[in-house]
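S.K.: Could you work out the structure for the sequence below:
(2 chains)
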Amino acid sequence: EAQVTQNPRYLITVTGKKLTVTCSQNMNHEYMSWYRQDPGLGLRQIYYSMNVEVTDKGDVPEGYKVSRKEKRNFPLILESPSPNQTSLYFCASRSGGSGANVLTFGAGSRLTVL
Amino acid sequence: DAKTTQPNSMESNEEEPVHLPCNHSTISGTDYIHWYRQLPSQGPEYVIHGLTSNVNNRMASLAIAEDRKSSTLILHRATLRDAAVYYCILRDVFNSGAGSYQLTFGKGTKLSVIP
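M.R.: Below you'll find the model as predicted:
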């Protein structure tokens, strides 16, 4: 089944403890992206990657890092999490060609930083 | 990206048609209109997209105004499973620049379906 898989789905951590949220897709998509969703603010893009070793900042990149060493994986790294990074995170991917720009999203990772 | 305007919320009775409006008065000639929806506790999912002509698929229909400044997502018979937040998004697919693959989500329209 074509899908985007995120782990963990739920995580409670403490301020300053580094964590990584993994994202993997099995559709050979070139483009991958991370979003965060907060009440009243909709979905905001954190980082995106147009292909292996190509990443760029979205609208709210502060406090996050990403890497794209392999096509299928796009981990989101919080080096020193803070409470304002408590949020629902979504990873998404799509193929690189022009046209529909249809994104496939993961099920989400709910992160709580105490 | 050109901006879209959607009502914050709408209600529909089950098994009745639903028309979800979206205004995009600053749309450019190469902007596609996309609709995604997000069911409770799930990630967003693609619904439909179009450029100029009306579009139909198994999930919904998309009606695009002749001047393209507005569009309407039509659910022909709303079910309880259609209760979700619906996002209308514009994307210039012919822009080959670095940001060309971004989709910017607004706050969407929360659709409630009444049994």
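S.K.: Dihedrals phi and psi, B:R81?
M.R.: phi -70, psi -10 (degrees, to the nearest 10).
S.K.: Help me confirm that it comes into contact with B:L39.
M.R.: Yes - B:R81 is within contact range of B:L39, at 7.5 Å (criterion: CB atoms under 8 Å). C-beta coordinates here come from the backbone N, C-alpha and C atoms, glycine included.
S.K.: and those two? which has more neighbours close in?
M.R.: Per other CB atoms under 10 Å in any protein chain shown, whichever of B:R81 and B:L39 has more neighbours is B:L39, with 13 against 8.
S.K.: And the closest residue in space to that one that isn't next to it in sequence, how far from A:T13?
M.R.: Leaving aside its sequence neighbours, B:L39 sits nearest to B:A84 (CB to CB, 6 or more residues apart in numbering or on different chains; 4.6 Å). Counting by CB to CB, to the nearest Å, the separation of B:A84 from A:T13 is 30 Å.
S.K.: ok, now which ones touch residue 74?
M.R.: No chain was given, so I picked chain A. A:F74 sits next to A:C23, A:S24, A:Q25, A:M32, A:S33, A:W34, A:S49, A:V66, A:S67, A:R68, A:C91, A:S93 when contact means CB atoms under 8 Å, 6 or more residues apart in numbering or on different chains.
S.K.: right idea, wrong chain: chain B
M.R.: B:P17, B:V18, B:H19, B:L20, B:A60, B:S61, B:L62, B:A63.
S.K.: for the second one, what are its contacts?
M.R.: By that I understand B:V18. Counting by CB under 8 Å, 6+ apart, B:V18 makes contact with B:M10, B:S12, B:I74, B:L75, B:A78, B:D82, B:L111.
S.K.: And the contacts of B:I74, which is closest to A:G42?
M.R.: Distances from A:G42 to the contacts of B:I74, taken as CB to CB, are shortest for B:L20 (15.8 Å).
S.K.: so the closest one makes contact with B:S70?
M.R.: No - if you go by CB under 8 Å, B:L20 and B:S70 don't touch, sitting 11.3 Å apart.
S.K.: Looking at those two, which one has more neighbours?
M.R.: Comparing B:L20 with B:S70 by neighbour count (other CB under 10 Å), the higher total belongs to B:L20, at 23 against 19.
S.K.: Now name the helix or strand holding that one.
M.R.: strand B:18-23 (DSSP states H and E).
S.K.: And that strand, how far out from the chain middle?
M.R.: 8 Å (CA atoms, centre = their mean, to the nearest Å).
S.K.: Could you list the buried residues of the following helix or strand past that strand?
M.R.: Per DSSP H and E, the first helix or strand lying C-terminal to strand B:18-23 is strand B:31-38. Neighbour-count burial for strand B:31-38 flags B:D31, B:Y32, B:I33, B:H34, B:W35, B:Y36, B:R37, B:Q38 (criterion: 16 or more other CB atoms under 10 Å in any protein chain shown).
S.K.: mind listing what's buried in the helix or strand of chain A with the lowest mean pLDDT?
M.R.: In chain A, the helix or strand scored least confidently by mean pLDDT, DSSP states H and E is strand A:42-51, which has a mean of 90. Buried residues in strand A:42-51, counted by 16+ other CB under 10 Å: A:G42, A:L43, A:R44, A:Q45, A:I46, A:Y47, A:Y48, A:S49, A:M50.
S.K.: can you tell me which of those residues are up against chain B?
M.R.: By CB under 8 Å from any CB of the partner chain, the members of the buried residues of strand A:42-51 lying near chain B are A:G42, A:L43, A:R44, A:Q45, A:Y48, A:M50.
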